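Peer 1: Curious how this folds, go ahead:
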Amino acid sequence: MACGIAAKKAGLKYIIIEKGALVNSLFNYPLFMTFFSTSERLEIGGVPFMSLAAKPGRQEAIEYYRRVKQFYNLDIKLFEAVTSVEKKGDNDFVVTTAKGNYATKNIVLSTGFYDVPVMMNIPGEELPKVKHYYKEPHFYAFQKVLLVGANNSAVDAALETWRRGAEVTMIIRSGEIGKVKYWIKPDIENRIKEGSIKAYFHSSVKAIRENEVDVETPDETITISNDWVLAMTGYKPNFDLLRSFGIDLANNEKQCPAYNSDTMETNVQGIYLAGVVCGGLDTHIWFIENSREHADKIANAIIEKQKAL
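Peer 2: Next up is the predicted model:
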């Protein structure tokens, strides 16, 4: 949306193609999620973001970005997934979606990373009881819930489901809770210390079955009775999609896509990156408040390129 606003202000023709709902990633966040950022750092297009608390929640953010869309009358095609991009000549592309084709000279990829979960690759992960996305706690009330992970998503889900009556167990690869929001860290540590939430550190899930889970701990492999597994193991960009566009990825564990940090243009002339996708697997580098500037960089680069023709 920030890129669309920058393009509109610059007098460029544009279309925003969204595979799902408006701000689809935010829509799929947990219902009661609170942002790290304050509301003013989530603003785009100069539209003020007023929230009740300093750090707004998911619902307020969705309402804000919907208002921004209306304010700028942005041309957004919703529920229209891109299936391919084909280069036509030296300076043109054809973007194919589930609903049609679009000819363009420039493409901005701002796909984020939330659509592709990092899999555990263990037996039973395909079972319906295993969820890689957490929405809200009531569903898990009075059930035996196993949380995999120790960062914000896992900690939020553990605390919320426990407070709705779930019997919660956390499986944590490291020896401590991760770098989580400062206001929830004491809460989860105290719940673990008092035994309200069971936590196995330096441990990992080895197999999942319909009514139980095998966990490898430092001392032994144990079997835990279980109804639901919330695998909060993180997410990654759609690397296959980036490769299909011809974008080079770093040959290392981070798999950062190639781009010019001054213009945001990739190794494929005319294709630009914006937002979290720029970080590859290092998904904590970029977020809304520090990637908003990508939009103006891209718009300026396209304008300068047009002047040079």
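Peer 1: Go ahead and name everything in contact with stretch 243-261.
Peer 2: Applying C-beta atoms under 8 Å, 6 or more residues apart in numbering, the external contacts of stretch 243-261 come out as 84-85, 87, 107, 109, 237, 239, 242, 265-268, 271-273, 277-282. Backbone N, C-alpha and C define where each C-beta goes, glycine included.
Peer 1: now the end-to-end length of it.
Peer 2: Terminal residues of stretch 243-261 lie 19 Å apart, using C-alpha to C-alpha, to the nearest Å.
Peer 1: domains for this protein, by residue range?
Peer 2: As given by automatic domain parsing, the domain ranges for the chain are 2-114+235-308, 119-231.
Peer 1: Reformat the ones you listed as CSV; add mean neighbour count.
Peer 2: Listed next are these as CSV, based on neighbours: other C-beta atoms under 10 Å:
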stretch, mean neighbour count
domain 2-114+235-308, 16
domain 119-231, 17
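Peer 1: Break down the stretch 151-300 of the chain into its helices, ranges please.
Peer 2: 152-163, 185-193, 239-244, 288-291, 293-308 (DSSP state H, counting those that start in this stretch).
Peer 1: worst average pLDDT in those?
Peer 2: Within the helices of the stretch 151-300 of the chain, confidence is poorest for helix 288-291, with a mean of 84 (mean pLDDT).
Peer 1: before we move on, back to that, so which of the helices of the stretch 151-300 of the chain gets nearest Y29?
Peer 2: helix 152-163 (9.3 Å; C-beta to C-beta).
Peer 1: re earlier: need the helices of the stretch 151-300 of the chain in TSV (columns: distance to F35).
Peer 2: Formatted as TSV, these follow (distance: least, C-beta to C-beta, whole Å):
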stretch	distance to F35
helix 152-163	11
helix 185-193	16
helix 239-244	26
helix 288-291	8
helix 293-308	18
